[in-house]
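# sequence first, then the predicted structure, then my questions.
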Amino acid sequence: MSGTSLRTGAGRALPGPRDVMVKVPTAVLFVNIALAGNNALVAAVLYRLTGSASNFALVLVSNFAIAAVVQLVAGYVVDRLGARRLAVLSEAAACAAIGLEAAVSLLDSPALPLICGAALVSVVQAFYRAAMFTLAPQLAGRERLAALNAKINAAFQAGTLLGTPAGTLLLYLEPVRGFCVLAVSFGAAALILGTLPGRPAPGTGSGAARPRTGVLRELRAQRGLVTHILLCSGDYVAVYLFTLILVPLVDDRFGGSTLTLAVVNSALPAGVMLSGLLPWRSQAAERTLRLVALSMAALVAAFLLLVCDIGVVATVGCVVAVGFAAGSSQTLLMTALQLRSPAHVLGRVASLRLFVASGLAAPTLAGASYLLKGGVGTALAFCAGVEACYLTVLLVLSRERLLGRRTLAAPPGDTAG
């Protein structure tokens, strides 16, 4: 029965557990292989053309800013036009953008067109992220949502891990052929997502039978929704912070060994992928609170251990722990946010979540970058302090006199409408 489909009242088949748990993570894997590969390939081509890495750094920063702004519009569009449709269209558009990059790579001066192509990919991915946040609960339903989110997180990291070296290797095929391979990866993701129906699974969403309200009204009506979105940024900030400190850490303690850098760099996504192997399922609000607090505490402990020079093996173990804790926290917090949000505003909630994460990541990254001047240990202590702040906010708000269970869940009646 695991591969069979459910039937809706309208007679349309919903995907069975096997379809959802295999097809969706596979699509995410293809998308992130193509994204990471495209970044690596564009970086290599621009470096060959200009002899400097600063141009691609500027591309990354500008694309990050553009995507953050577009994200606010993307959620509204997803809510209006449908999650599956936008997921398919965004990956088809990304496929076309990579095809454009392949064509312009044959020009005598392809730098500017390549930069524009990379920016277009970033723009359409804003719609894809909002669509996938909305599509997951529609496909999985309440009971399987946490398991699907864990697999999506694992596929995301696996795609990034595979895509970066793949993009570098594709450079040896000639850029035009490399871009064509990446376009096929985006196209494959669009085809896979296109085979999934866009109808909600039974028991999905916290407000399926409620009047359709706006996201701002939901934020005012639901006590704890704003702080829940804020808490969802913690795992993103942790990953961004460690990514910033990774190279200085290896340079300072292990003499800049290329092999050590590769191992430590792989340990973070490996930890996230390990968290995806856990038997995740829907949890009671109190249990979710405890597990999120435990994950955040593990993040703080791992960063504090890394403050000390503990050797290569222990360092790799701590980095795996950072990835595992961040992946677990993201799975729990994102699942709870999807379940408490009304289905008709899920896209806008997703956009707000990513916008807040980007806004909070910027100053913390700037702070960690400044503290790196005082040594890697100082910057890692700062990282531990940032994650300790998230943990403190969670523990304080979860007291019964404040939000209690409303910190990560919406009790009946605590909604707009």
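Thanks, I have the structure now.
# isn't residue 300 right up against residue 386?
No: at 9.2 Å, residue 300 does not count as touching residue 386 under the criterion of C-beta atoms under 8 Å. Just so you know, the C-beta spots here come from the backbone N, C-alpha and C atoms, and that holds for glycine as well.
# what's the top helix by length along the chain packed up against?
Taking DSSP state H as the criterion, the chain has its longest helix at helix 111-170. With contacts taken as 3 or more C-beta pairs under 8 Å, 6 or more residues apart in numbering; DSSP states H and E, helix 111-170 sits against helix 17-50, helix 54-81, helix 83-104, helix 175-194, helix 258-275, helix 312-340, helix 346-371.
# and those: which comes nearest residue 161?
Residue 161 lies closest, by C-beta to C-beta, to one member of those: helix 258-275, at 4.6 Å.
# OK, contacts around residue 196?
Shown in contact with residue 196 (C-beta atoms under 8 Å, 6 or more residues apart in numbering): 15, 19-20, 23-24, 84, 135, 139.
# so how many other residues sit close to residue 142?
18 (other C-beta atoms under 10 Å).
# just the pLDDT for it.
Note on residue 142: pLDDT of 85.
# okay, now the unreliable bits of the stretch 51-200 of the chain?
Flagging of the stretch 51-200 of the chain using pLDDT under 70 yields the residue ranges 51-64, 108-109, 198-200.
# go again using 50 as the cut-off
Across the stretch 51-200 of the chain, nothing is flagged by pLDDT under 50.
# again with the stretch 201-350 of the chain
Along the stretch 201-350 of the chain, segments meeting pLDDT under 50 span 201-204, 207-210.
# try 90
The stretch 201-350 of the chain contains residues with pLDDT under 90 at 201-226, 233-266, 268-269, 276-288, 309-310, 340-345.
# what does stretch 87-107 contact?
27, 31, 34, 38, 42, 45, 110, 113-114, 117-118, 120-121, 124-125, 127-128, 131-132, 135, 175-177, 179-180, 182-184, 186-187, 189-190, 193-194.
# alpha carbons only: can I get it in CSV?
Output in CSV follows, covering the C-alpha atoms of stretch 87-107 (Å, rounded to 0.1, in the frame of the first residue of the first chain):
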residue,chain,number,x,y,z
ALA,A,87,7.3,25.3,-8.6
VAL,A,88,7.2,23.9,-12.1
LEU,A,89,7.2,27.3,-13.9
SER,A,90,10.1,28.6,-11.7
GLU,A,91,12.3,25.5,-12.6
ALA,A,92,11.3,25.7,-16.2
ALA,A,93,12.4,29.4,-16.2
ALA,A,94,15.7,28.5,-14.4
CYS,A,95,16.2,25.9,-17.2
ALA,A,96,15.7,28.6,-19.8
ALA,A,97,18.0,31.0,-17.9
ILE,A,98,20.8,28.4,-17.8
GLY,A,99,20.2,27.8,-21.5
LEU,A,100,20.7,31.5,-22.0
GLU,A,101,24.0,31.3,-20.1
ALA,A,102,25.1,28.5,-22.4
ALA,A,103,24.3,30.6,-25.5
VAL,A,104,26.1,33.8,-24.2
SER,A,105,29.1,31.8,-23.1
LEU,A,106,30.0,31.5,-26.8
LEU,A,107,30.2,35.3,-27.2
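# flag every buried residue along it.
87-102, 104-105 (16 or more other C-beta atoms under 10 Å).
# now swap in stretch 219-230 and tell me
For stretch 219-230, the neighbour count (16+ other C-beta under 10 Å) marks 219, 222-225, 227-230 as buried.
# nearest to residue 275, of the residues you listed?
residue 228 (20.0 Å).
# hang on, isn't the closest one packed against residue 338?
No: counting by C-beta under 8 Å, residue 228 does not reach residue 338; the two are 10.8 Å apart.
# neighbours of residue 313, how many?
Counted with other C-beta under 10 Å, the neighbours of residue 313 add up to 9.
# what does residue 216 give?
Residue 216 has 12 neighbours, counted by other C-beta under 10 Å.
# same question for residue 75.
28.
# how about it, nearest residue that isn't a chain neighbour?
Distance criterion C-beta to C-beta, 6 or more residues apart in numbering; nearest residue to residue 75, sequence neighbours excluded, is residue 351 at 3.0 Å.
# do I have it right that the one you found meets residue 70?
No: counting by C-beta under 8 Å, residue 351 does not reach residue 70; the two are 9.0 Å apart.
# those two: who's more crowded?
residue 351 (27 against 18).
# fine by me, thanks again.
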